[in-house]
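Enquirer: okay, sequence plus prediction incoming.
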Amino acid sequence: MRIGTVTVTGGGITRTATVSQAGTVAINYTITYNAAGGSPTPTEQTKRHGVNLTLRGAPPPTREGFTFLHWVGPMGTYQPGDTYTANASATLTAVWAPIYYTVRYNANGTNVTNMPSNQVKGHGASITLRGGIVSEIPLRAGHIFVGWATRTNGTVAYQPGSTYAENTDVTLFAVWERLPGFTYTVNNYFDDGYVEWYYPTNDFPNHTLEQRRDMAASAIDGYTGAVADRYLELLELGVTRPRLVEHFPSAIDQCKGEVTSGNLRTLCAHEHPHTHSYNPIASSRSPNPNVLVLDFMDNVGTPGSNTSTNAFWTGHLITTPTSNNRSFSFGTAIYMLERSSEEVRERNSIGVLMHELNHQIGANDHYHEAHPSGGCRRETRWGGSGFCSGMKIDPDNENYIDCNGEFGTVYRPETCIMDTSRKSIAPDDIICEGCTEDILRHLRHHH
């Protein structure tokens, strides 16, 4: 039976003894905690002489901007839940380590110099990102550094010299803008046949005609942008689009008046604007002056040139009700009739646009192939002279014969966009070696 306690202090040690009725004395020790700025502070504990004590367990106190390391007392360091064995009272004080965050810089490309070194910032502090001096701004041949992104393909989030205040580690990726070796201008136009084919009134009853035209313009600009991105990667060719994608009232639009889903497949007899040869060179301005592409070229206002192209997109059926996709390059214009299903529309539109633009800048369809009468098919484009890089003699064989009848290099595999236009332009060899050579020849000649 407990009848009282006795507290004795001496030599810097406090002991609390419990006296029982039988006269025995139990000595106790007090363990207190000091969170040193953290919270919560664990409640104190009592340890009996000769009996081990388990210290307060997890979780330990927390403190903003710091990491808890351990408790420290006269007898050493302890983790939450450790065993305390000393026969002595003690105050255990929390030990904290400041939290630091690392800012890492990633070149996000090859052959990059002047990469800044990593930085460290404390919790709650702000730092100035590197780049305040020229030697800390990354350099890469053929590119302009435009800033830092927080992911590989991200947009610019920080500039050199910006303030970084986030309490987290971060890797900043260099964002590069490639410098084109050549530039080329593409102006896009579309008629209401294109609008009604892809954005019909029946599917968009709550949209005005102007709103549906805006949707068509946005899609066409997106297709051109996708081709422009690939040209920059593959040919160092910068495609500019100075004009907004414009509506053009084509001859068929004017013939039909109001274009609807009901008359989209109807042939219009007004001076036969639907009629054209697949090879428009065979079409003359008489007796069919309103051949669609010629009408377009006569009325867009700004003629194309060896450094620019006007592209016309339509959805009107041409020639016969069975006609579907007819796209071609003629002079300095492109005629884009691409009535694809929704599933392949984007891929086909992008692929056909690259195919036809390749014609504008030097590549032909058949000049790599064997002519039916023997020898090379030598179509002309650049500088008025034909090219013949090689011709395929066996569809199951990779052997090609060049124009001299000798086995030569495979210049245009089936992956080449000039072999089949309606396909993805993602592969690196989408513009094959032979076509690349001829396109670059054209660009060097005219730029």
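Expert: Good, I have the coordinates.

Enquirer: please make it C-alpha for all contacts and neighbour counts, starting now.
Expert: Noted.

Enquirer: and residue 244, what does it touch?
Expert: Residue 244 sits next to 187, 188, 217 when contact means CA atoms under 8 Å, 6 or more residues apart in numbering.

Enquirer: wait, a helix at it?
Expert: No: read with DSSP: H, G, I helix; E, B strand; the rest coil, residue 244 is coil and lies in no helix.

Enquirer: begin at 513 from now on, thanks
Expert: I'll keep to 513 as the first residue from here, and by that count the last item is residue 756.

Enquirer: and it, how far from residue 762?
Expert: Separation of residue 756 from residue 762 (CA to CA, to the nearest Å) stands at 18 Å.

Enquirer: could you pull out the strands for the stretch 563-712 of the chain?
Expert: Using DSSP state E, counting those that start in this stretch, the strands found in the stretch 563-712 of the chain span residues 565-566, 578-585, 588-590, 595-596, 602-610, 612-618, 624-625, 631-634, 639-640, 651-652, 655-661, 675-676, 682-690, 694-702.

Enquirer: what helices and strands are in contact with the fifth one?
Expert: The reference is to strand 602-610. For strand 602-610, the packing partners by 3 or more CA pairs under 8 Å, 6 or more residues apart in numbering; DSSP states H and E come out as strand 537-546, strand 578-585.

Enquirer: mean pLDDT lowest for which of these?
Expert: Least confident of the helices and strands packed on strand 602-610, judged by mean pLDDT, is strand 537-546 with a mean of 91.

Enquirer: OK, contacts around the closest residue to residue 667 other than its chain neighbours?
Expert: Using CA to CA, 6 or more residues apart in numbering and skipping residues adjacent in sequence, the residue nearest residue 667 is residue 661, 5.5 Å away. If you count contacts by CA under 8 Å, 6+ apart, residue 661 has them with 667, 668, 669, 670, 684, 685, 686, 687.

Enquirer: for stretch 685-702, what is the average pLDDT?
Expert: The average pLDDT within stretch 685-702 is 90.

Enquirer: coming back round to it: I'd like the contacts of residue 756 as CSV, with distance to residue 864 appended.
Expert: CSV is the format used below for the contacts of residue 756 (distance: CA to CA, whole Å):
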residue, distance to residue 864
699, 16
700, 14
729, 17
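
Enquirer: residue 843: which of the residues you listed is nearest?
Expert: Nearest to residue 843 among the contacts of residue 756: residue 699, at 14.5 Å, using CA to CA.

Enquirer: so what sits opposite the closest one in the bridge?
Expert: For residue 699, the beta-bridge partners are residue 822 (DSSP bridges).

Enquirer: that one: neighbour count?
Expert: 22 (other CA atoms under 10 Å).
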